[in-house]
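Engineer: the sequence and its predicted three-dimensional model are supplied below.
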Amino acid sequence: MGPSESKHAPLIVTGSYVGWLTNILNHMTSRFEPVELGRLTPEEALETVYNYAGIMKRTQNESTALYIAELAYYDPFYISQLIRTNMPDLDLTTKAGVRTAWQFEMMAR
């Protein structure tokens, strides 16, 4: 409850149960307001790929960074999932490696 009631910093609530969680939190405190981010522009998506890759210490190149953004439909969630994957022998320097990582992340486990 403490972080949700604090007015000093924004709190972002995301995930697959967002609607359910938001309803519960709105009953506890009225601080939450839904904001839909939507898809990023191609430039924003490319910047997101570079930022996430830098944070996760992943190596990619200009062509695969653009491919990651396009493959993820410019969606920050899918971009982060692809870059944060724990797939063994990850290779984001080739399009084939990116496709393999995408398939690994999209397969039901």
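Structural biologist: Looks like it arrived, so ask away. Here the structure is a predicted model, which is why all the values come from computation and not from measurement.
Engineer: please, which helix or strand holds the residue nearest in space to the middle of the chain?
Structural biologist: Closest to where the C-alpha atoms of the chain average out (C-alpha atoms, centre = their mean) is residue 77, at 2.5 Å. Using DSSP states H and E, residue 77 falls within helix 76-83.
Engineer: give the other helices and strands that that helix contacts.
Structural biologist: helix 42-56, helix 62-71, helix 95-106 (3 or more C-beta pairs under 8 Å, 6 or more residues apart in numbering; DSSP states H and E). For the C-beta atoms, the positions are set from N, CA and C on the backbone; glycine is no exception.
Engineer: buried deepest among those, which one?
Structural biologist: Highest mean neighbour count of the helices and strands packed on helix 76-83: helix 62-71, a mean of 18 (counted as mean count of other C-beta atoms under 10 Å).
Engineer: ok, back up a step: grab the CA positions of the helix holding residue 77 and hand them over as CSV.
Structural biologist: Taking C-alpha atoms only, helix 76-83 is exported to CSV below (Å, rounded to 0.1, in the frame of the first residue of the first chain):
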residue,chain,number,x,y,z
PRO,A,76,7.9,-2.0,-26.0
PHE,A,77,6.7,-5.1,-24.1
TYR,A,78,7.6,-7.4,-27.0
ILE,A,79,10.9,-5.6,-27.5
SER,A,80,11.9,-6.1,-23.9
GLN,A,81,10.8,-9.7,-23.9
LEU,A,82,12.9,-10.5,-26.9
ILE,A,83,16.0,-8.7,-25.5
